[in-house]
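> Using only what follows, build the 3D model:
(chains A, B, C, D and E, ligands or ions: 5)
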Amino acid sequence: MTESILKVEHVSLAFGGVKALTDVSFEVPRGSVFSIIGPNGAGKTSMLNCISGRYQPNSGNVIFNNKNVTNLRPNDRADLGMGRTFQNLALFGHMSVLDNIMVGRHHLLNNNWLTGPLYWASNAQKEELAHRRYVEEIIDFLEISHIRKSVAGTLSYGLRKRVELARAMALKPELILLDEPMAGMNLEEKEDMARYILDLNEEFGITVVMIEHDMGVVMDISHQVMVLDFGKKLMSGLPDEVMADPHVKRAYLGIEDEEINSEQQREAS
Amino acid sequence: MNFELLTQLIINGLIVGLLYGVIGMCFVLVYKSTQIVNFAQGEFLLIGAWVCWASLIYLELPFFLGFILSLVFMAGFGVLLQMIVLRPMIGEPIISVIMVTIGLSIFFQALMKWIFGVSPQSYPQVFDDQSISLLGLNIEMAYLMSTVIALIIMVAFYLFFKHSKHGLAMRATAFDQQVSQSLGISVKHVFAMSWGIAATVSATAGIVLGMVNGVSDSLSIMGIKVFPAVILGGLDSIVGAIVGGIIIGVLENVAEFFDSQYLHIGNMYDIAPFYVLLIILWFKPYGLFGTKDIERI
Amino acid sequence: QDSVFVGHLADMSGPTAFVGKNYANGVRDSLAYINAHGGINGTKLESETIDYAYKVPQAIAAYKKWKSRNNMVAMQGWGTADTEALISFVARDKTPVFSASYSGHLTDPTGKNPHTKKPAPYNFFYGASYSDACRGLVQWAAEDWKNKGGQGKPKFTHIGANHPFPNAPKEACAEYAQELGFNVLPPVVISMKPGDFKAQCLSIKSSESNYGYIGNLGGSVQSLVKSCNTVGVDIQFMSNIWGGDKDVFQAAGEGIKDYIFPTMTPFWNDDVPGMKLVHEISKMSDSSGEEERVHHYIRGVCSTYFMKEAMEWAKENGGITGENIKKGMYVHKNWVPKGLEGVCLAANWTVEDHRGINQINIYKGNYNEGDIKIDKVSEVTLKRRDDWLGY
Amino acid sequence: MSSLSMRPCGDFRTSYKQDNTIFETKTIRWVTIFTIIALCFAPMLVDGYFITLLIQISYLGIAALGLNILVGYTGQISLGHGAFFGFGAFASAWLNTSFNIPVLLCIPLAGFLTMGVGMMFGAPAARIKGLYLAIATLASQFIIEDFFARAEWFSGGASGSMANPVSLFGFDFNTDQSFYYVALFALVFMFIWGCNLMRSRDGRAFIAVRDHYLSAEIMGVKLNKYRLLSFGISSFYAGIGGALYAHYLGYVSAEGFTIMMSIQFLAMIIIGGLGSIKGTLMGVIFMVFLPEVLASGVGLMKMTDWGNIPMVVDGLAYIKEMAIGVVIICFLIFEPEGLSHRWTQIKNYWKFYPFAY
Amino acid sequence: MSQAAVKIQTASPMLSVNNIEVVYDEVIQVLRGVSLDVPEGEVVTLLGPNGAGKSTTLKAISGLLRSEYGEVTKGDITFMGERIDKKNAEDVVRSGLFQVMEGRRIIEDMTSIENLKLGAYTRNDSQINQDLEMVFNYFPRLKERTGLAGYLSGGEQQMLAIGRALMARPKMICLDEPSMGLSPLLVKEVFGIIKKINQDQGITMLLVEQNANYAIKAADYGYIMESGKIVLDGTQEQLLNNEDVKEFYLGGGNEERKSFKNLKSYKRRKRWL
Ligand SMILES: Nc1ncnc2c1ncn2[C@@H]1O[C@H](COP(=O)(O)OP(=O)(O)OP(=O)(O)O)[C@@H](O)[C@H]1O
Ligand SMILES: Nc1ncnc2c1ncn2[C@@H]1O[C@H](COP(=O)(O)OP(=O)(O)OP(=O)(O)O)[C@@H](O)[C@H]1O
Ligand SMILES: CC(C)C[C@H](N)C(=O)O
Ligand SMILES: [Mg+2]
Ligand SMILES: [Mg+2]
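Ligands and ions are numbered 1, 2, ... in the order given. Just a heads-up that it's a prediction; the model follows:
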């Protein structure tokens, strides 16, 4: 776990007067679960956007797999093996769940607007079916086979989150960026989600960068935690170290030093 | 270079453009509150113009009485139309609603032909002097009237959207009808209000055009003709509509100047605005004053 | 045969309804009248009028319907777009079409002229072609210039929309104008829809053109005249056949002065022998017979009556079929339908030349405080030049 | 529709291949094949008038499907489809007469030529979105229309241009009955092409771009490429439809391809259902038959007693137009998502029958 | 229809939902006979897994179903003695029942202040500016962000949505997952605010939440819903002491809290259905 898959170097980003990020640097070791926490509006999502290419940092570099990707379009980064989910659901609302996930395979498919329509004549059909098989595996893995044919837009919130995860996995990413994957879920579903994240990290070997407000989850499953506050990197380290930091406790968790006990910790979950 | 001709053309463009702006404002108003692009806008003009014409010819009212009467009629018409046809469409996909306005345009086009015939008609003389001279160019009085009206309407709109809570409500409705309802905004009232106002203002423009060019069913083409103006200014900007209108008006005339003096391509008057529109949109994808969509994930 | 079918395509609600309605009424009333008075020497004349609103696909559908369901032998048509679209169908089906589209190239049935792209053997129309009418007008203009004592070369401008119908005579007419010593200026484009044409009028004004041919009709003519009056243009307007009639004067009102337009028939109130029949015919749709009809109506009557007599000939000579009707069009010389003397001009169609009419009557119209005054100013008969056939 | 009652209640597919077919069930597939075979015999069964309408449905249907790919599937409204349709018509005639390319080859070539032009005018789509883009396409409508009237070398200018009939091995498809087969083949071919497109990679990318272009891009879809491509494909369809139209009529005139035609295409796909291939066909059939049905209604009126009163007779023309408007409005009020949506609802109902709810 | 029938009968409740069924798109049935009561001045919470129909219930109450092709096909809803199930959404709001919709749903192309002012759309008094200050007091961050609301971060938008409800000064607020996407500190604060408003201003609350811990503690009474039915209800203590609730909603029953890391996939949940 020494080699780092993602390096963020001195990234700054401002929108007009609002400084969303100021000189943030960090490294994500390959194969790890890396969490970003911080108060609302701290710039966590903006950081993810810089990594996945939605935003161009005003300065600084993003290095993915030893390649400087700072100036690449988002779709090129997907080609390189970067997948993500979104804080505000961003599924293709009118497509079936299956098609949503198939879109994730987009960059791995070769048929195009000329060969695709020739379906039986070209090898489009073969290809589609082969990838379909892979997608079915993901569907099984995430236990969403019962809604395979449902239209994504009519699903409940929690299921949509899961479909998003499936779609990101279909990209066959080496790095997956998750923006609040557990928001809006109850305990049980969070447990499921945590299990999926761990499995995809352990079994599929995908590196995970995750933003999450649920401290229980963050503490339990991440290898490293970084704290952002007002666009600046406050600290990073092992989950326990970060939790123990008095500043984090006050500004983020809202816990007064004296009243730390297990009861409180459970409450935060 | 024939500077005299050029100045005259530019003045002409300014004045005609202002009228485009007024029609454009109706588009903007409806769009701003309902997200609907009203393809029946031209027919609103037409109906207004015919109603006024009929009140002058058949009822033999004095002009200003007939004018006011038509405006009142059109306000009612707009509200009624909204109630009968557009209200059931609240919450439906915008594109379907736009299609409904196309259906309305087909319907009223035919209805007007049926009632008033297919021959163009002129208004009785309204002003003692039909035209006055402005910097060497003769301009119809009706245009001056429309200029004044346009300015008044514009200021009124501006204040309305800036400072009244109805203005806010209209914008909210346009953004998300469901949320607006959840805030207690009556989507129906907002729609009725904007269609009523749009119909009334359109009628003003229709009457002015009728006085200048005569009334005939093809007056409704104005509904399409002002599209470039509206887009140029930005679909949701009242000020933009006026500015866009003036730019298109001047552009047409300048194009005519170069065409007739040098290029001799013909038809530049009608086509040049579209070329320029494409170029401007390339650099300013939301027109000159339109608000950008929020692109955020 | 105890009955034959004639289809009638009309635009009564579409973009050319302004004149289309008048013409269509003429055709429809005539068909009804003929039927009420013995049909084609005893053969019943069935007909149907379809308002296709100037939409080509609808026109074709109507044509096919008549062809396959009614066994149509001839058709009364209307506009440029549909007539042209049907050229090859009617040639193949051998169905003569009498249209109101007067494009020059419809007059070349065999494709003799190099300009002709596709011969139109089954197309006929009553009247001078757009090109010939325009030629007649410039010929008059040349005279007029001389009479007025104009100095130097007069200037000529074609004014109209960039559409097939106004453009049809553009080149042919410009060529002849040049031949007659005109200085032909670049054409001015105004749209078919009414609008504010002050910009175009300003450029006409600055070009100091003397004669302007108007290719448009209806509302846009009226707008043009008004706009040009406002900016004060001094030009002699000459319109095409659809651009000048009582309705235009009525609509334009005060301000229309010395407006020149051609006709192919006399007017409603003219004292000519055949006008009685026209008045009778009009009672088919207006029992009082008093409604004043414009000259397009009368042209519709002529168009129908030429067809009727050709059908009569066909009945005598092998039966009323499309082919025989076409033949029937060629048998008479200086042909005027019976009962319409003085109304329809004497026509000559030949196998190789479908320019039935080569005479243009030129009128001048004025609107004076509610009075419309129309005077005949000239009568031009054009030569049948070979290079003008189908052009 | 009779097929519905035979639909199996559950989902009995066992392989991905079966799951991926165009037809949801075997029954539907057989009904479709049977319909196509039946259509092959149409010229023997119905008269020329019907054949014309069917031909009309074919060429308009192909073009409308193109528009649906652009509007319904990619979410970019176009108001210039009529002009592209016209461009295809002129292009095919022009290729045939100027270069002596056989007509059968000219039709696809015209498609590709139109595709190029469509992409040229679609280029702003890379930057412009939504209604702004719609109006930019309105500009292309007027610019192209003006071009038709002006480009003598291409369109024949005012006199229009002639188009030769389709011919194959010396046989001319110049009657309605024979041309019908060309049109039918084209229709079936283009629709299958469309179905396949939509269930393969690029079709999905179109929908992704429509539903959420930001996340589509992050999923690896090249935004601008697909925005442009959908213009290209839609114009390709328009071009093919236009070319068929040209060779059917034998003559193309600049007059027909107006903004009204573009709007009519839009009406077809909205009424049929945006983003639905079978909806497109339903919409086209609806819009082709509507005026015809109303016209025969008018014809019937005329046979009655007061059909001779001139006021009524003249009025009928307008009543017909008004009825078209009213039918469109009512239709959308009661079926705002188009015919295909009603179809899906009926299907869902049967699927859950007798346990609807 | 378990314990729902034996509810403690107070005076007539402010809001009562009686046995409603909801169908989407004419065929998809989501609610199968849901009944619940919200007494005046209390906080009632509605819990349940994803897709249970909680949001649907709230939309049925506030009349917002229609714009999603949904329909109440059976049962009735009364608010302060008046039937509201057939009422328009805007009339429901005017009668004093305000809903904060799931997923923030702010007007993105307006500024925060404009959004807040819209919250007060139905009000005609002059207190609006004071209330603005009150909201900014609760959420000082909003005051700093003067740009368009669409550019706010997720949490900031959530604050705005809650603030907007406060601006309406309704008699009752239905909150759909108010804590979603908020940082732990803010979650705490928001529930504090909810309690405070309830106590200070006497606003009745119906709270749909995933964060069961906070929700139950903030509520006087709670309902648990699964697959479109109410499966359990009870007072705060009843719920807190219910073994099932403890295990499935609060985490950890009798045993110690498990680490997320050690959960195994064979763990299958128990359902009431
Ligand atoms: N496109 C943008 N334009 C303007 N401001 C922006 C934009 N994107 C983000 N911001 C601002 O940058 C700041 C950081 O936003 P960001 O979404 O990264 O926060 P976050 O850490 O993800 O917060 P949360 O936990 O609430 O989601 C916010 O104050 C937000 O208003
Ligand atoms: N507009 C709609 N059309 C069809 N089905 C819908 C629609 N909205 C919701 N549903 C379905 O109704 C069920 C309940 O949805 P609802 O949103 O009420 O659940 P929820 O309890 O709020 O879940 P969550 O906690 O995930 O928000 C889901 O199965 C969903 O798929
Ligand atoms: C008035 C014209 C536009 C109609 C005419 N019959 C034509 O040639 O098309
Ligand atoms: Mg965020
Ligand atoms: Mg919910």
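> Which residues does the helix or strand harbouring B:Val72 contact?
B:Val72 is part of helix B:63-81 when elements are defined by DSSP states H and E. Among residues not part of helix B:63-81, those counted as contacts by CB atoms under 8 Å, 6 or more residues apart in numbering or on different chains are B:44, B:47-48, B:51-52, B:55-56, B:59, B:61, B:104, B:124, B:126, B:192, B:195-200, B:202-204, B:207. In short, each C-beta sits where N, CA and C put it, glycine included.
> hmm, 6 Å instead?
Counting by CB atoms under 6 Å, 6 or more residues apart in numbering or on different chains, the neighbours of helix B:63-81 from elsewhere in the structure are B:Gly48, B:Val51, B:Cys52, B:Ser55, B:Leu56, B:Val126, B:Ala192, B:Trp195, B:Gly196, B:Ala199, B:Thr200, B:Ala203.
> now swap in stretch C:106-121 and tell me
Among residues not part of stretch C:106-121, those counted as contacts by CB under 6 Å, 6+ apart are C:Ile87, C:Ala91, C:His105, C:Asn123, C:Ser129, C:Glu352, C:His354, C:Arg355, C:Leu389, C:Gly390, C:Tyr391, D:Met162.
> Then stretch A:78-85?
Identification of contacts with stretch A:78-85 by CB under 6 Å, 6+ apart yields A:52, A:107, A:164-165, A:168, A:171, A:173-179, D:220.
> What pLDDT does the model give residue 183?
As the question left the chain open, I've gone with chain A. Looking at A:Ala183, its pLDDT is 83.
> That was the other one, I meant chain D.
The model reports D:Ala183 with a pLDDT of 94.
> Kindly report the same for C:Ser131.
pLDDT, C:Ser131: 93.
> May I ask you to confirm that it is in contact with C:Ala172?
Yes: with contact defined as CB atoms under 6 Å, C:Ser131 counts as touching C:Ala172 (3.9 Å).
> out of these two, which sits in the more crowded spot?
Legend: neighbour count by other CB atoms under 10 Å in any protein chain shown for C:Ser131 and C:Ala172, higher for C:Ser131 (26 against 21).
> In contact with that one, which residues?
Contact partners of C:Ser131, counting by CB under 6 Å, 6+ apart, are C:Gly104, C:Pro169, C:Ala172.
> Against C:Leu382, how distant is the second one?
It stands for C:Pro169. The gap separating C:Pro169 from C:Leu382 is 13 Å, by CB to CB, to the nearest Å.
> In helices, which of the contacts of C:Ser131 appear?
Judged by DSSP state H, helices contain the following of the contacts of C:Ser131: C:Ala172.
> Provide a list of residues in contact with the residue in chain E positioned nearest to ligand 5.
Nearest residue of chain E to ligand 5: E:Ser55, at 3.1 Å (CB to the ion). Contact criterion CB under 6 Å, 6+ apart gives E:Glu102, E:Asp176 as the residues in contact with E:Ser55.
> Apply 10 Å and report the result again.
Counting by CB atoms under 10 Å, 6 or more residues apart in numbering or on different chains, E:Ser55 makes contact with A:Ser156, A:Tyr157, E:Val30, E:Leu46, E:Leu64, E:Gln99, E:Met101, E:Glu102, E:Gly103, E:Asp176, E:Glu177, E:Val208.
> B:Val230 versus the closest residue in space to the fifth one that isn't next to it in sequence, what's the distance?
Residue nearest to E:Leu64 in three dimensions, not counting chain neighbours: E:Ala89, with 5.1 Å by CB to CB, 6 or more residues apart in numbering or on different chains. To B:Val230, E:Ala89 is 31 Å away according to CB to CB.
> Who wins on neighbours among the contacts of E:Ser55?
Per-residue neighbour counts (other CB under 10 Å) across the contacts of E:Ser55 peak at E:Gln99, which has 30 neighbours.
> can you list the residues of chain A near ligand 1?
A:Phe15, A:Val18, A:Ala20, A:Gly38, A:Asn40, A:Gly41, A:Ala42, A:Gly43, A:Lys44, A:Thr45, A:Ser46, A:Gln87 (CB under 6 Å from any ligand atom).
> switch to 8 Å and redo it
Listed as neighbours of ligand 1 in chain A under the rule CB under 8 Å from any ligand atom: A:15-16, A:18, A:20-21, A:38-49, A:55, A:87, A:179-180, A:211, A:213, A:228, A:231.
> For PyMOL, write the select line for the buried members of the residues you listed.
Command for PyMOL that selects the buried part of these, burial taken from 16 or more other CB atoms under 10 Å in any protein chain shown:
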select buried, chain A and resi 18+20+21+38+39+40+41+42+43+44+45+46+47+48+49+55+87+179+180+211+213+228+231
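> Going along the chain, name the strands of the stretch 51-200 of chain A.
In chain order, the stretch 51-200 of chain A shows strands spanning A:59-64, A:67-68, A:82-84, A:175-179, with DSSP state E, counting those that start in this stretch as the criterion.
> and D:Ala91, what does it touch?
Contacts of D:Ala91 (CB under 10 Å, 6+ apart): D:106-107, D:109-114, D:116-117, D:154-155, D:239, D:242-243, D:246, D:252.
> circling back: the more surrounded of E:Ala89 and B:Val230?
Ranked by neighbour count (other CB under 10 Å), E:Ala89 and B:Val230 place B:Val230 first, with 31 against 28.
> Let me know the secondary structure of that one.
helix (DSSP: H, G, I helix; E, B strand; the rest coil).
> so what pLDDT did it get?
91.
> Which members of the residues of chain A next to ligand 1 occur in strands, if any?
Secondary structure assignment (DSSP state E) places A:Phe15, A:Val18, A:Ala20, A:Leu21, A:Asp179, A:Ile211, A:Leu228 from those within strands.
> Dump those to a markdown table, plus pLDDT and distance to D:Cys195.
Output for those, formatted as a markdown table (pLDDT from 0 to 100; distance: CB to CB, whole Å):
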| residue | pLDDT | distance to D:Cys195 |
| --- | --- | --- |
| A:Phe15 | 88 | 44 |
| A:Val18 | 83 | 48 |
| A:Ala20 | 91 | 45 |
| A:Leu21 | 94 | 46 |
| A:Asp179 | 93 | 36 |
| A:Ile211 | 94 | 41 |
| A:Leu228 | 93 | 48 |
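> which of these are close to chain E?
Here is what survives when those are matched to chain E using CB under 10 Å from any CB of the partner chain: A:Phe15, A:Val18, A:Ala20, A:Asp179, A:Ile211.
> Closest one of those residues to C:Asn71?
Of all those, A:Asp179 has the smallest distance to C:Asn71: 73.3 Å, by CB to CB.
> what bridges to the closest one?
A:Ile211 (DSSP bridges).
> ok, now which ones touch it?
By CB under 10 Å, 6+ apart, the contact set of A:Asp179 is A:36, A:44-45, A:47-49, A:52, A:84-88, A:90, A:164, A:209-212, B:297, E:154, E:181.
> Up against ligand 4, what does chain A have?
Contact residues, chain A versus ligand 4 (CB under 5 Å from the ion): A:Thr45, A:Gln87.
> Leaving out sequence neighbours, find the closest residue to C:Lys170.
Residue nearest to C:Lys170 in three dimensions, not counting chain neighbours: C:His158, with 5.3 Å by CB to CB, 6+ apart.
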